[in-house]
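**Q** Fold the stuff below for me.
(4 chains)
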There are 2 protein chains.
Amino acid sequence: MKPLFHPSIEDVSVESILHALSDPVRVAIFLRTATSQCSATCSDFQQVLEQPIPKSTLSQHFKVLRESGLIRAERKGVEMHNTSRCAEVETRFPGLLGSIIQAYTLQSKGAGRRKLSKSRMATDR
Amino acid sequence: MKPLFHPSIEDVSVESILHALSDPVRVAIFLRTATSQCSATCSDFQQVLEQPIPKSTLSQHFKVLRESGLIRAERKGVEMHNTSRCAEVETRFPGLLGSIIQAYTLQSKGAGRRKLSKSRMATDR
DNA sequence: TTCAAAAGTTCCGAAAATACGAACTATTGA
DNA sequence: TCAATAGTTCGTATTTTCGGAACTTTTGAA
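**A** So this is what the prediction gives:
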C-alpha cells in the first residue's frame, strides 16, 4: 500500500489546521484522539456520531486531519490507529489548539438552541 | 440596496471563524482591520496584496468575514468601511483570535520561503 | 436635473473541492 | 486458499469558490 503522508512539524501550516478544524465531524474525531489515550480507528466513528457517516467520507476526513499535521496514523494489524500530534503542534504554535478546543467547548455548552450547520457535535448536551 | 447581514455575537460559531481564517487573503484583510485604527475598504486590497485580486472575489471574501462575525461593514459615502469585531468575539471565545493571530505571526516569521497558498497541501506528496 | 465616475454587490458560467457508493487493497485468522 | 474486516481509491454528483460582466448606490460635477 502507498505509505500515508505525514507532514513534518515545520511544514504544518496554520491555514491547514484551521481548515481541518472548521468541520464539526473532524473536530469530533480530533477531540477523541486528543482526549482519549486509546487511539481512534476509522470505523469507531461509524457508530459514534449521531448520523452515520459513510466510511469513504470518514477516510477523507482522516486524511485531511493527517495531512494538516493534527493526527498521526499507524497501521496496527488490520486497523489504522490514529493519535493526536497535539504536543508537536503545541511546540510550533503554542496555545493554538488549546484555545480552539476551549472555544468549541464553550460553544457546545451554551447552545441548546443553536442550529448547527452540518451536525451536532458529539460532545453536545 | 439589500442591507448587509451581520450575525449577532451569540450566533457566531467557531466553525465559521476558523473557516474564515483558513484563507490567507481573508487573514490579510482581517489583520488589517484588527491592527489599524482606520477602517479598511474593499478597494484598498486590490493594490495591497501581492497578486491583485478581482474585486468580485474580494467582495466575497469580505462577505465571508462579515457573516462569520469577524468584521462589521458600514457604508460611508461611496465606500464600505470595515472594522473588526475582535472585542465582541473575545467576550464570546476568549483567547481564540489572539492565539490564531499569534500563530500566523509565528508562521510568517519563520518562513520567508513558505508559499502562501491554500492549494499547497493538495499538491504535496 | 442629468451625467459620469467610483466602490461594491450580484449574476452566471467555469473551475475546484467535497460527498459517497462501488470497487479495490492489505492484513488476519480459519 | 478463502473469507472477513478495516481502509483507501475511483468515479460521478453535488457544493463551493473564482472571476469577468453587468448592475446598484452614492458623490460630484456640468
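**Q** Skipping its backbone neighbours, what lies nearest A:Cys110 in space?
**A** Quick fix: residue A:110 is Gly, not Cys. Leaving aside its sequence neighbours, A:Gly110 sits nearest to B:Glu10 (C-beta to C-beta, 6 or more residues apart in numbering or on different chains; 7.9 Å). Yep, even glycine has a C-beta here, placed from its N, CA and C like the rest.
**Q** Let me know how buried that neighbour is, in neighbour terms.
**A** B:Glu10 has 12 neighbours, counted by other C-beta atoms under 10 Å in any protein chain shown.
**Q** would you say it is within a helix?
**A** Yes. Applying DSSP: H, G, I helix; E, B strand; the rest coil, one finds B:Glu10 inside a helix.
**Q** from memory it sits against B:Val89, does it?
**A** No. Using C-beta atoms under 8 Å, B:Glu10 makes no contact with B:Val89, being 11.3 Å away.
**Q** quick one: average confidence on the helix or strand hosting A:Glu88?
**A** For A:Glu88, the enclosing helix or strand under DSSP states H and E is helix A:86-92. The pLDDT scores in helix A:86-92 average 98.
**Q** Next up, the contacts around the spatially most central residue of chain A.
**A** Central residue of chain A (C-alpha atoms, centre = their mean): A:Phe30, 2.3 Å from the mean position. By C-beta atoms under 8 Å, 6 or more residues apart in numbering or on different chains, the contact set of A:Phe30 is A:Ala20, A:Leu21, A:Leu65, A:Leu70, A:Ile71, A:Ser84.
**Q** Compute the number of surrounding residues for A:Cys42.
**A** By other C-beta under 10 Å, 17 other residues sit near A:Cys42.
**Q** Could you measure from the nearest residue to it once chain neighbours are set aside over to chain B?
**A** Distances taken as C-beta to C-beta, 6+ apart place A:Leu58 nearest to A:Cys42, at 5.4 Å, with adjacent residues excluded. Noted for A:Leu58: a distance of 18 Å to chain B, by C-beta to the nearest C-beta, to the nearest Å.
**Q** one step back: going through the contacts of A:Phe30, which ones are buried?
**A** For those, a burial check counting by 16 or more other C-beta atoms under 10 Å in any protein chain shown picks out A:Ala20, A:Leu21, A:Leu65, A:Leu70, A:Ile71, A:Ser84.
**Q** Give the other helices and strands that the worst-scoring helix or strand of chain A on mean pLDDT contacts.
**A** Least confident helix or strand of chain A, by mean pLDDT, DSSP states H and E, is helix A:44-48 with a mean of 77. With contacts defined as 3 or more C-beta pairs under 8 Å, 6 or more residues apart in numbering or on different chains; DSSP states H and E, the packing partners of helix A:44-48 are helix A:24-35, helix A:55-67.
**Q** Report the distance from that helix to the chain centre.
**A** Computed by C-alpha atoms, centre = their mean, to the nearest Å, the separation of helix A:44-48 from the middle of its chain amounts to 13 Å.
**Q** tell me which residues of that helix are tucked away?
**A** In terms of neighbour count (16+ other C-beta under 10 Å), helix A:44-48 has its buried residues at A:Asp44, A:Phe45.
**Q** Equivalent analysis for stretch A:73-85, please.
**A** Those would be A:Ala73, A:Met80, A:His81, A:Asn82, A:Thr83, A:Ser84, A:Arg85, for stretch A:73-85 by 16+ other C-beta under 10 Å.
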